[in-house]
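# Sequence plus predicted model, see below.
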Amino acid sequence: MKFLKPTLVAIALVSVFGCQEEVKKEEVKAPVALETEVQKQAYGLGASIGMYMERNLEEQAKLGLSLEQDLIVRGFIESIDGNSVMTKEEVQSVLASLDQTMQAKQQEQAAVEAEASLAEGQKFLEENAKKEGVQVTESGIQYQVLTEGEGAKPVATDTVTVHYKGTFLNGEEFDSSYSRNQPAVFPLNRVIAGWTEGVQLMSVGSKYKFTIPSDLAYGPAGNPPRIPGNSVLEFEIELLDIQQPQAPAEVGDK
């Protein structure tokens, strides 16, 4: 049984309880004493909702959810007491409508962010290409050689072992094998196009910094929820090893 799958109304409800700025200090209850396992379970259930809501409050505000808090609280309490003025079917209907509204807002926001990201990325690429040491491939990938190795170079059908760090243009890290203390192993033709092309430029032992245009990364759709649409991405990649595909075993005549 899954206890927590909050609806948008539940998100709003808990935000009401969690953001009561008008509550006076003397009205705040003392920390509750949790002496039994049942008490801990009850409190833990409420705390888990609160922690979930805390992560959603900022996004909720960005999307412009504006519901009357008094009615949210009243609907919650009256439904617990069995006195809801709305039937189950009516609740389901209005929640479906609310979900559709929020999805529309999310799509609208994503489109605005993607447009802004596209303009920002184009400007960055133009300026970055002029920097000393930056080389540009025919497809538009920009790269700098940080360390040049002397090993073999992979082809697209090879499986490679790499360490890498991925960042947005503002320097914020969104992924890193270094942080996981575990190199990544993958077929080179199963990743974004910028990686497939770029890593083939590297020899084993090399470390390059790549700036990858959005059309060679995740494109207009991005990779939600982490990477917005039209994002130009930067990667520092260290090529550790190449695992060439094994030749099929020969079957002799019997």
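Alright, I've got the coordinates. Please read all numbers here as calculations on a predicted model, not as lab measurements.

# What ranges in the stretch 151-254 of the chain fall below the confidence cut-off?
244-254 (pLDDT under 70).

# Show the residue spans covered by the strands in it.
159-167, 173-176, 184-187, 207-212, 233-243 (DSSP state E, counting those that start in this stretch).

# Check these for me and report the most buried one.
A comparison of the strands of the stretch 151-254 of the chain by mean neighbour count, using mean count of other CB atoms under 10 Å, puts strand 207-212 on top with a mean of 22. C-beta coordinates here come from the backbone N, C-alpha and C atoms, glycine included.

# Please identify the pairing partners of it and their relative orientation?
Here strand 207-212 is paired, per DSSP bridges, with strand 142-147 (antiparallel), strand 233-243 (antiparallel).

# gap between the two ends of stretch 173-181?
15 Å (CA to CA, to the nearest Å).

# what domains does the record give for the protein?
8-85, 113-243 (automatic domain parsing).

# need the contact list for residue 77.
Neighbour list for residue 77: empty [criterion: CB atoms under 8 Å, 6 or more residues apart in numbering].

# For residue 212, which non-adjacent residue is spatially closest?
Distances taken as CB to CB, 6 or more residues apart in numbering put residue 194 closest to residue 212, at 3.4 Å, once the chain neighbours are dropped.

# give the contact list for that neighbour.
Residue 194 neighbours (CB under 8 Å, 6+ apart): 141, 210, 212, 213, 216, 217, 233.

# Please report how far the last one lies from residue 161.
From residue 233 over to residue 161 the distance is 21 Å, taken as CB to CB, to the nearest Å.

# and residue 231, what are its phi and psi?
phi -80, psi 130 (degrees, to the nearest 10).

# Run a quick neighbour tally on it.
By other CB atoms under 10 Å, the residues close to residue 231 number 25.

# Surely it touches residue 118?
No. If you go by CB atoms under 8 Å, residue 231 and residue 118 don't touch, sitting 9.0 Å apart.

# joint contacts of the two?
Contacts common to residue 231 and residue 118, judged by CB under 8 Å, 6+ apart, are residue 214.

# Now do stretch 62-72, average pLDDT.
The predicted model assigns stretch 62-72 a mean pLDDT of 71.
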